[in-house]
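Novice: What shape does this take:
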Amino acid sequence: MAEEIIPIPNLSLPQHLFTLISPTLEQLHDNARKQLLEGIKADKMSPYYKLVTSAGALTPDSAFLESMEKDNEEELKKLDERLAEAEKQEGESEISDALKARANHLTRIGDKEGAVAAQKLALEKTPGLGSRIDIVLTLIRLGFFFGDNGLITENLPKAEKFIEEGGDWDRRNRLKVYRGLHMISIRQLKAGGALLLDALSTFTATELTTYNDFVALTIIINALTLKRVDLKKRLITAPEVISVLPEIPILGDLLNNLYDCHYAKFFVALATLEQTYLLPSRLLSPHTRYYVREMRILAYSQLLESYRSLTLESLSGAFGVSVEFVDSELSRFIANGRLHCTIDKVHGIVETTRPSLKNAQYDKVVKQGDVLLNSIQRLSKVLY
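Specialist: Numbers count the residues shown, from 1 in each chain. Below you'll find the predicted structure:
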């Protein structure tokens, strides 16, 4: 059975910091300030407090900082004494435990450099595979906490390697969530969404996010990436989704209106989601414009696939927007090759132009042939 994962560092705090340094989220600042201060106080996070105050998110309090630093110095001294005693008198297991306790203390208080170095030292000295996986997962969480993509990409392959060597079921499922969140953060939404969907019924990674937030993220990403038939089968009727939707009704509106082809209501739900969930999210905010654009393209494509031609007026009516808005959006998406249709402005008609599969295959063969010929030419120059 897997050991319980210690939820350090507290990954809710960077979200509160993000809220506080975002001027457009001013209505959320009071609650974020309170939650951030309480979290820092609970874990005596003096190094992180310095970072937060330097960013202007909280007002510096020297007495509060000195009190935390004093407590942390005393705790670190005890841990160093325990480590020295283990190295003198005890065995490998006790030394490993002392190293992990020291590393976890530095991780808890938000000392990035000290925590990363201490976790890596503990990883070297720890014999058990399960414990080694937990240490690597902690390093990945440090990467998430500080927004250090390099630290994440350095340790994800290590975690995957250890899991393949004999990781248990629980850690294997946790890793799916870690990988999924990383994929989403670098905008590989299809791969990330698939990983989250796989972990939906077995989610235990509460050290990363709450269950409701995990389900919400799974819905948001897979609403874009799943085919319509899978949307119903794997998401809309999933018990985990059904249990959470009453608490986040906007996601139910988004999913059901997209599936049921109620496009005007879908556009309203998408706009509401953008303001209430996407833009305030530290993870999703950088991808908001991309996500909203892709969801609109998905809705337009879904409607246009059902018709050979459609008037601009009926199209604008279906989406609850003006003819001018639809004309402008479709023109842009058509020019970028994202929608296969043409606009007859004279008659006010949109005509679909479904791409030929044979033509697509022919183009692919020509492109691959060009690549092959170029490779052969380069090789012949080297040989002769």
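
Novice: what about Leu17, which SS state?
Specialist: Secondary structure for Leu17, judged by DSSP: H, G, I helix; E, B strand; the rest coil, is helix.

Novice: Correct me if wrong: it contacts Gln35.
Specialist: No - here Leu17 lies out of contact with Gln35, judged by CB atoms under 8 Å, at a distance of 10.2 Å. (Each C-beta comes from the backbone N, C-alpha and C, glycine too.)

Novice: Compare those two (neighbour count), which wins?
Specialist: Shown here are Leu17 and Gln35; by other CB atoms under 10 Å, Leu17 has more neighbours (20 against 16).

Novice: Around the spatially closest residue to the more buried one that is not a sequence neighbour, count how many other residues there are.
Specialist: Among residues not flanking Leu17 along the chain, Ala57 sits closest, at 5.4 Å (CB to CB, 6 or more residues apart in numbering). Neighbourhood size, Ala57 [other CB under 10 Å]: 19.

Novice: Ramachandran coordinates for Ala57?
Specialist: phi -80, psi -30 (degrees, to the nearest 10).

Novice: how much space between it and Tyr48?
Specialist: 11 Å (CB to CB, to the nearest Å).

Novice: which neighbours do these two share?
Specialist: Common neighbours of Ala57 and Tyr48 are not found (criterion: CB atoms under 8 Å, 6 or more residues apart in numbering).

Novice: Ser322 touches Ser316, doesn't it?
Specialist: Yes - counting by CB under 8 Å, Ser322 does reach Ser316; the two are 5.9 Å apart.

Novice: Outside of stretch 211-219 itself, list whatever touches it.
Specialist: 177, 184, 193, 196-197, 200, 203, 205, 208-209, 235, 240-241, 244, 247-248, 251, 254-255, 277, 283-284.

Novice: So for that stretch, what gets flagged as buried?
Specialist: For stretch 211-219, burial by neighbour count (16 or more other CB atoms under 10 Å) applies to Asp213, Phe214, Val215, Ala216, Leu217, Thr218, Ile219.

Novice: Same question for stretch 345-354.
Specialist: Ile349, Val350, Thr352.

Novice: host element of the nearest residue in space to Lys120 that is not next to it in sequence?
Specialist: Take Lys120 and drop its neighbours on the chain: the residue closest to it by CB to CB, 6+ apart is Leu139, 7.4 Å away. Element membership for Leu139, per DSSP states H and E: helix 129-146.

Novice: Show me what the next helix or strand after that helix is in contact with.
Specialist: Next helix or strand after helix 129-146 toward the C-terminus (DSSP H and E): helix 149-166. Contacts to helix 149-166, defined as CB under 8 Å, 6+ apart, come from residues 116, 129, 132-133, 136-137, 139-140, 142-144, 171-172, 175, 178-179, 182, 185-186.

Novice: ok now helix 149-166, how far from the chain's centre?
Specialist: Offset of helix 149-166 from its chain centre (CA atoms, centre = their mean, to the nearest Å): 17 Å.

Novice: can you give me the angle it makes with helix 129-146?
Specialist: Interaxial angle, helix 149-166 versus helix 129-146 (axes from the mean of the first three to the mean of the last three CA atoms, to 10 degrees): 160 degrees.

Novice: ok, Gly130 - how many residues close by?
Specialist: 17.

Novice: what are the ranges of the helices in the stretch 251-384 of the chain?
Specialist: 263-273, 288-304, 312-319, 323-335, 357-383 (DSSP state H, counting those that start in this stretch).

Novice: Show me what the second one is packed up against.
Specialist: Meaning helix 288-304. Helix 288-304 sits against helix 211-225, helix 249-259, helix 263-273, helix 312-319, helix 323-335, with contacts defined as 3 or more CB pairs under 8 Å, 6 or more residues apart in numbering; DSSP states H and E.

Novice: Please report how far Arg296 lies from Val321.
Specialist: 10 Å.

Novice: what residues are shared contacts of those two?
Specialist: In contact with both Arg296 and Val321: Phe267, using CB under 8 Å, 6+ apart.

Novice: hmm, back to that, kindly reformat the helices of the stretch 251-384 of the chain as CSV and extend each row with mean neighbour count.
Specialist: Putting those into CSV (neighbours: other CB atoms under 10 Å) gives the following:
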stretch, mean neighbour count
helix 263-273, 19
helix 288-304, 17
helix 312-319, 18
helix 323-335, 15
helix 357-383, 9
